[in-house]
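**Student:** next come a sequence and a model predicted from it.
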Amino acid sequence: MKKTKNLLKIGAIYLGTVLGAGFASGQELMLFFVRFSRRGILGCIIAGLLFCFLGALILSKAYNLPQKTYRCYLQAIFKKPVASFLAFVADIFLCVSFCIMLSAAGAFFNQRLSVSPVVGVLVTAGICLVVFLGNLKGLSLVNLILAPIMIFGSLYVSVYSIITECQSAWLPAINSHGRFLPYALFYVGYNLLTAAAVLVPAAAIAEDKKTAAFGGVLGGALLTLMAVLCSVALFMSEKVWSGSLPLLLLAEQAGTFAYILYSAVLYMAMLTTAISTGFSVVEQLCSMGVGRKTAALSVCVLVTPLSFIEFSLLVRYCYVFFGILGVLLVSGILWDWYKKT
């Protein structure tokens with residue numbers, strides 16, 4: 001019973017790490033899968049299988065490490081210069097993710113409340129600043145409550161849309177000859193840059209190496225299910241493709257209750273993701289000797305102007321760039337496994 005409970009915990013941690021506000025908005029799915037039409041669904045399944053396999057490899061490797069830290073894990077796979085580079089890339093990506101979440105909040109305020117995106121960015125940055133000056137007490141509880149609601153909301157909206165749109169043409173062939181496979185790899189790459197940092201210490205929860213590995217498979221399988229259903233729903237609803245928050249537009253079509261619920265969940269996902277990523281950057285600066293107030297103000301003041309860039313543009317260029325760098329991590333994990341087989 002305890003082993004099963006720990007297995008579910010690891011799977012939930014994995015799922016919750018990847019299932020952030022970018023996924024919940026639908027913008028990630030549009031960029032990496034939906035725009036490739038029928039081939040995109042294949043890319044989505046390939047990415048899901050990689051999440052299962054790589055999650056199992058990361059957790060089983062981390063289980064045997066004496067110190068379950070991200071840096072120690074990287075050094076166990078790569079030579080020190082490469083490990084340091086990837087750790088640096090992950091830190092930069094956290095900062096970029098904070099910027100993207102503020103931009104997403106601006107898009108949310110504009111689409112949901114019909115106010116300037118600047119208002120959404122500034123309000124969210126202000127809330128984050130208050131939290132940075134204090135601590136993250138209570139955030140883990142919020143995430144624990146939010147994750148299942150977001151999962152339920154995403155699945156409800158997706159299944160409802162698939163059922164109601166089933167009479168239309170099945171998966172219109174838009175850009176069906178695009179390079180879908182590299183984008184599937186990029187999606188896995190940038191997500192693992194930060195997910196691995198969470199999975200490595202999570203391996204300590206497992207009672208044995210097998211439980212740790214199966215936790216990775218479970219999390220990856222649940223993520224695959226959600227990604228496929230949400231992608232198919234977006235495929236079949238071409239009218240929402242031009243929106244900054246396509247899944248929110250789908251929720252609006254599912255009825256008033258779904259729209260209100262998903263709106264609240266989506267903004268909370270943006271806020272908690274922004275706080276989590278931004279707080280990590282603040283902590284890094286504090287470890288370098290910068291005062292907490294200075295670090296918190298610096299992060300919010302320096303990042304906020306960049307957040308005024310359109311959300312979809314930030315996702316398109318930043319996620320792809322870090323996805324390319326993340327492929328290096330994926331390659332190292334697979335090579336390490338290959339050497340031992």
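**Tutor:** Sure, I can see it.

**Student:** who does the lowest-mean-pLDDT helix or strand in the chain touch, helix- and strand-wise?
**Tutor:** Every helix and strand in the chain was compared by mean pLDDT, DSSP states H and E; the lowest is helix 139-165, with a mean of 75. Taking 3 or more Cβ pairs under 8 Å, 6 or more residues apart in numbering; DSSP states H and E as contact, the helices and strands that helix 139-165 lies on are helix 2-18, helix 209-235, helix 246-253, helix 256-287. Where C-beta positions appear, they are placed from N, C-alpha and C, glycine not excepted.

**Student:** following element in sequence after the longest one, please.
**Tutor:** Following helix 256-287 in sequence order, the next helix or strand is helix 292-303 (DSSP states H and E).

**Student:** for Ser116, what are phi and psi?
**Tutor:** Note on Ser116: backbone dihedrals following degrees, to the nearest 10 are phi -60, psi 140.

**Student:** need the contact list for Thr69.
**Tutor:** Residues in contact with Thr69 (Cβ atoms under 8 Å, 6 or more residues apart in numbering) are 200-201.

**Student:** mind listing the strands for the stretch 1-150 of the chain?
**Tutor:** When assigned using DSSP state E, counting those that start in this stretch, the stretch 1-150 of the chain turns out to have no strands.

**Student:** pretty sure Val299 contacts Phe98?
**Tutor:** Yes: under the criterion of Cβ atoms under 8 Å, Val299 makes contact with Phe98 at 7.1 Å.

**Student:** which residues are in contact with each of these two?
**Tutor:** Shared contacts of Val299 and Phe98, defined by Cβ under 8 Å, 6+ apart, comprise 278, 281.

**Student:** more neighbours, the two?
**Tutor:** Just comparing Val299 and Phe98: by other Cβ atoms under 10 Å the higher neighbour count belongs to Phe98, 28 against 24.

**Student:** what's the spacing between that one and Val282?
**Tutor:** Counting by Cβ to Cβ, to the nearest Å, the separation of Phe98 from Val282 is 10 Å.

**Student:** thinking again about what came up before, so which of the helices and strands packed on helix 139-165 comes closest to Tyr73?
**Tutor:** Each of the helices and strands packed on helix 139-165 was scored for nearness to Tyr73 using Cβ to Cβ, and the closest is helix 209-235 (12.8 Å).

**Student:** what residues sit buried inside that closest one?
**Tutor:** Of the residues in helix 209-235, those scored as buried under the neighbour-count criterion (16 or more other Cβ atoms under 10 Å) are 211-224, 226-235.

**Student:** tilt between that helix and helix 139-165?
**Tutor:** With axes from the mean of the first three to the mean of the last three Cα atoms, to 10 degrees applied, the angle from helix 209-235 to helix 139-165 works out at 40 degrees.

**Student:** which strands and helices sit next to helix 209-235?
**Tutor:** For helix 209-235, the helices and strands in contact under the criterion 3+ Cβ pairs under 8 Å, 6+ apart are helix 2-18, helix 21-25, helix 27-32, helix 37-63, helix 139-165, helix 246-253.
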